[in-house]
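A.B. asks: quick one, fold the following:
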Amino acid sequence: MQKKVKFRGRDYIITPLNDGKLKVDDHIYSPIVIQETESLFRVTFDDCQFNLEYKEGKLYLEGEEIDIEIKPYLKTVETSIESQQVKKVIVRAPIPGKIFQILVKEQEFVEKEQLILILEAMKMKNRLLSPIKGKVIRIYIKVGDNVGQDQQLLKIEN
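C.D. replies: Sure, this is the predicted structure:
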């Protein structure tokens, strides 16, 4: 299942492969993750090694706080209404977690890449952005709901 991840201002497409490897954009890596302590992980990708630490709700890479943004997994359905293209997008949970905050309401208009909700997973708050400019047609979840990976969260139509 592909994920879109924004790290240090750059978008990456990450695909877990069946053999345990990770495809990041067009490169394939063989990650090894060793948990050193409750909050410290040593990660090795081929010949590159680094420490990831999770403490007080923040993630640190080699001691530097990092901000990772996970974009929603999308399924797009396009239909034609009177020669006009209408795009309906179902925003799905990119990872399992708990709905921490919903920042939009049904019938509300949103801009592309507007923050629409926050999903808490492993004590991290993941910001989900609107993939298109449009109107929120349906919200399938509420604050506090536990959701599974790929579960429908909301529908947006342009």
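A.B. asks: which residues touch Ile99?
C.D. replies: By Cβ atoms under 8 Å, 6 or more residues apart in numbering, Ile99 lies in contact with Leu117, Ile118, Leu119, Glu120, Ile141, Lys142, Val143, Gly144, Asp145, Asn146, Val147, Leu153. Bear in mind the C-beta positions are built from the backbone N, C-alpha and C, glycine included.
A.B. asks: could you find the closest non-adjacent residue to it?
C.D. replies: The spatial neighbour of Ile99 that comes closest, neighbours along the chain excluded (Cβ to Cβ, 6 or more residues apart in numbering), is Asp145 at 4.7 Å.
A.B. asks: domains in the protein, as residue ranges please.
C.D. replies: 3-69, 72-157 (automatic domain parsing).
A.B. asks: tell me the most buried of these?
C.D. replies: Each of these was scored by mean neighbour count; the highest is domain 72-157, a mean of 16, by mean count of other Cβ atoms under 10 Å.
A.B. asks: next one: it to chain centre, how far?
C.D. replies: Distance of domain 72-157 from the chain centroid (Cα atoms, centre = their mean, to the nearest Å) equals 11 Å.
A.B. asks: same deal with stretch 39-48?
C.D. replies: Using Cα atoms, centre = their mean, the offset of stretch 39-48 from its chain centre is 22 Å.
A.B. asks: ok so, going back, next, format the domains of the chain as CSV and append mean pLDDT.
C.D. replies: Shown next, in CSV, are the domains of the chain (pLDDT from 0 to 100):
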stretch, mean pLDDT
domain 3-69, 78
domain 72-157, 83
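A.B. asks: over to the residue nearest to Ile99: give its phi and psi.
C.D. replies: Note on Asp145: backbone dihedrals following degrees, to the nearest 10 are phi -70, psi 140.
A.B. asks: Ser30 is in contact with Lys23, correct?
C.D. replies: No: with contacts counted by Cβ atoms under 8 Å, Lys23 stays clear of Ser30, the gap being 11.0 Å.
A.B. asks: can you list contacts of stretch 111-128?
C.D. replies: Residues from elsewhere that reach stretch 111-128 (Cβ under 8 Å, 6+ apart): 54, 57, 59, 68-72, 91, 93-104, 110, 129-133, 136, 147, 153-154.
A.B. asks: Asn146 pairs with what?
C.D. replies: Asn146 has these beta-bridge partners by DSSP bridges: Lys98.
A.B. asks: thanks a lot, catch you later.
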